[in-house]
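Chemist: The sequence and its predicted three-dimensional model are supplied below.
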Amino acid sequence: MRDLKVSFATRQGVLRAVDGLSFDVGQKEIVGIVGESGSGKSVAIYSMLGLVREKNVTVTGSVLFEGREILGLSDKELQPIRGGSIGMIFQDPMTALTPVYTVGWQLVEQIRQHLHLSKAAARQRAIELLGQVGIPDPKSRVDRFPHEFSGGMRQRVVIAMALSCNPRLLIADEPTTALDVTTQAQILDLMLKLQDTYDSSIVIITHDMGVIAEMAHRVVVMYAGRPVEIAPELELVRHPRHPYTWGLLDAVPRLDTKNERLHTIRGNAVSPLNLPPGCAFAPRCDYVMEKCAQRPPLEGDAGHVDACWLSDDQRVAIRPTEEQRA
Amino acid sequence: MSDDVVLQATDVVKTFSSRGKKLGNRVVARAVNGVSLEVKRGETLGIVGESGCGKSTLARCLVQLLPVTSGTVTFEGTELTALSRRRLRPYRRKFQLVFQDPYASLNPRRTVGDIVAEPLRINHLGTSSEIDERVRQLFATVGLDAAAINRYPHEFSGGQRQRIGIARSLSVNPTLVIADEPVSALDVSIQAQVLNLMADLQHEFNLTYVFIAHDLGVVRHVSDRVGVMYLGEFVEFGDVESIYSTPLHPYTEALLSVVPELNDTDAPRRERIIITGDVPDPADRPSGCPFHPRCPVATELCAVEKPPLLTIVPGRQVACHYPRNLAAVTATAAPQ
């Protein structure tokens, strides 16, 4: 993805939902996109697949999938990609499934849309898939309706559907946000196992730094439609460079230590209707400088880039890593 | 010690009955199944559990928004469950609820000033100019601009709305605030602001909190003592530090092990215990221990005999035939 920009023309002006997002997803790689509500993480992915259908939307930039430009393709051209080579797992499994058909019917429809299989063969494949995602007794469950499944089991059905056509890329938008922590653990575990069997790449969108740490190889931190930091997962949690990433990491109440006060990021998220001309995080940043009125470039070492004007020395002084403290 | 107890619940049971699939068949779900607890003045009692474990039903039973099926709830020596609705009324302002969803819990057609003033008007606490003054004060207390009192809820962000909900609950100077998932709908940076605010208010007004949440990190951060609920019952109860470092119940142990953590230190992380299956239907409870069908260490005994909630060491209770970390827990208690 290169310089993706998504904006909506509204009565109040131009709403810049995504404002220059670039990243790569490698073979078998799991990329996490993390950000708070309204940071543009979902819009970026949906617009790439032509799923943002509002009349007032403008999408620019470039998205190459296996070398082919997919931005601007017609619905007809996108059809074999959506649900075929790119599988999708959504946040709310109840809305991702239609309540009026059995899960088997929905799986068979999905499979026959993309693969040339007979009804019987597709049904066989559906039962196989349900077994693979850990649904007990798939032969009888295949004829049940979504409401007869629990939240975790429904999300398994959605995963089965996403995998049904051997996708090379899986997109998971907050796949466990609606689930309890024990169910979340089951689903994340399942996704990792299946990724291994299917050799697919994953883009996981979430607001939960913990889920990112558990799953992702590389992380894109987004704020107000812009990437503010991109780094390998371990590098990001141990040596975060951007003040927004610091805030995100420090605001999470932890299991292992108890702080009297939590770190907070002051103020509220900026409105995408009137982004400041410079750094979008500047109004909430504790370390804002004059220079922040200009937009900082996303730069750094090859593997770890961030968009902030702070110098290395300033960062060490503000938030030394454990090694630096030593 | 007994006069230190603000709220005491004894063997609270709440059942809901609904029509079954067959005609004339009644199904009874025991949402809360015999819960006893004591909340001490000035403390924060955390209640943690997954969806459907009965924690919200318990909260509503504690504040008498739902009549209990059996059991008693006593507030500062008065048995609330024995009072008629009318006689209960003067007590109601002493215990207030903060709700989960800051969108659904504020009336969209009233100004936020009106919303915060309503409990004061209902309880006739002051003249209209006194109430106005008090509302302005409350807005300042929760960190909102008093100039905003004539605005409507939709003009505020989620975090600001939760501040308004908190201001409303504080308006009548309650002793006890029961917060039901107050931060679960908020982004993490905003969640931290609201948690810090709640801690400040607790110190300032000497509030007692019952804090209900599913997020184990949040519960650890705010609580002094914690009860872990499963299928309408406490399976474990105790001091927060002790429970989080040495969980006794296999369910608590599994819960703690699967919380995704940042591996930002070299400390070895807990071994993940992924429990299988789903929480059973409270209308169709398993025999014996409610957790036994999913428990990694269950034996035949667990399917037959329900373990009682027993005190293992002072301040630590567990309902399990085979408690975990038993040696560590008794060792730390011995020197005292």
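Modeler: Received the coordinates, thanks. Residues are numbered from 1 along each chain as shown, chains lettered A, B, ... in the order given.
Chemist: now A:Ile212: how far from B:Thr246?
Modeler: 28 Å (Cβ to Cβ, to the nearest Å). All C-beta spots, glycine's among them, are computed from the backbone N, C-alpha and C.
Chemist: same check, this time on B:Glu300
Modeler: Taking Cβ to Cβ, one finds B:Glu300 at 27 Å from B:Thr246.
Chemist: When A:Ile212 and B:Thr246 are compared, which one has more neighbours?
Modeler: Between A:Ile212 and B:Thr246, counted using other Cβ atoms under 10 Å in any protein chain shown, the more crowded position is A:Ile212 (27 against 20).
Chemist: Checking that one next. Helix, strand or coil?
Modeler: helix (DSSP: H, G, I helix; E, B strand; the rest coil).
Chemist: residue contacts, it?
Modeler: A:32, A:34, A:204, A:206, A:219, A:233 (Cβ atoms under 8 Å, 6 or more residues apart in numbering or on different chains).
Chemist: give me that answer again for 7 Å
Modeler: A:32, A:34, A:206, A:219, A:233 (Cβ atoms under 7 Å, 6 or more residues apart in numbering or on different chains).
Chemist: bridging residues for the third one?
Modeler: I take that to be A:Thr206. A:Val34 (DSSP bridges).
Chemist: what's near enough to touch it?
Modeler: Neighbour list for A:Thr206: A:32, A:34, A:174, A:212 [criterion: Cβ under 7 Å, 6+ apart].
Chemist: hang on, the second one packs against A:Met209?
Modeler: Yes - assessed by Cβ atoms under 7 Å, A:Val34 is found in contact with A:Met209 at 6.3 Å.
Chemist: Would you mind listing the buried residues in stretch A:86-100?
Modeler: A:86-91, A:93-94, A:96-97 (16 or more other Cβ atoms under 10 Å in any protein chain shown).
Chemist: ok, now which ones touch A:Thr245?
Modeler: By Cβ under 7 Å, 6+ apart, the neighbours of A:Thr245 are A:221, A:228-229, A:236.
Chemist: Keep only those of these that are in strands.
Modeler: Of those, the ones assigned to strands by DSSP state E are A:221, A:228-229.
Chemist: now the residues you listed in a markdown table, with distance to B:Asp114?
Modeler: Shown next, in a markdown table, are those (distance: Cβ to Cβ, whole Å):
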| residue | distance to B:Asp114 |
| --- | --- |
| A:Val221 | 40 |
| A:Val228 | 40 |
| A:Glu229 | 43 |
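Chemist: Make CSV out of the residues you listed and add neighbour count, distance to A:Gly152 and pLDDT.
Modeler: Formatted as CSV, the ones in strands among the contacts of A:Thr245 follow (neighbours: other Cβ atoms under 10 Å in any protein chain shown; distance: Cβ to Cβ, whole Å; pLDDT from 0 to 100):
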residue, neighbour count, distance to A:Gly152, pLDDT
A:Val221, 28, 28, 96
A:Val228, 26, 33, 96
A:Glu229, 26, 32, 96
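Chemist: among the residues you listed, which are within reach of chain B?
Modeler: Counting by Cβ under 7 Å from any Cβ of the partner chain, nothing from the ones in strands among the contacts of A:Thr245 sits close to chain B.
Chemist: Can you give me the neighbour number for the residue nearest to A:Glu36 when sequence neighbours are not counted?
Modeler: The shortest distance from A:Glu36 to any non-neighbouring residue, by Cβ to Cβ, 6 or more residues apart in numbering or on different chains, is to B:Asp187 (4.0 Å). Residues lying near B:Asp187 (other Cβ under 10 Å) number 23.
Chemist: Who are the contact partners of B:Asp187?
Modeler: A:36-37, A:207.
Chemist: got it, and B:Leu97?
Modeler: For B:Leu97, the contact set (Cβ under 7 Å, 6+ apart) comprises B:63, B:169, B:178, B:180.
Chemist: And the pLDDT at the first one?
Modeler: The one in question is B:Val63. On the pLDDT scale, B:Val63 is placed at 92.
Chemist: roughly how far apart are it and B:Lys94?
Modeler: From B:Val63 over to B:Lys94 (counting by Cβ to Cβ), the distance is 10 Å.
Chemist: neighbour-wise, which of those two wins?
Modeler: Comparing B:Val63 with B:Lys94 by other Cβ under 10 Å, the one with more neighbours is B:Val63, at 21 against 17.
Chemist: residues in contact with the closest residue in space to the more buried one that isn't next to it in sequence?
Modeler: Spatially, and ignoring its direct neighbours in sequence, B:Val63 is nearest to B:Phe95 (5.3 Å; Cβ to Cβ, 6+ apart). Neighbouring residues of B:Phe95 by Cβ under 7 Å, 6+ apart: B:63, B:75, B:174-176, B:178.
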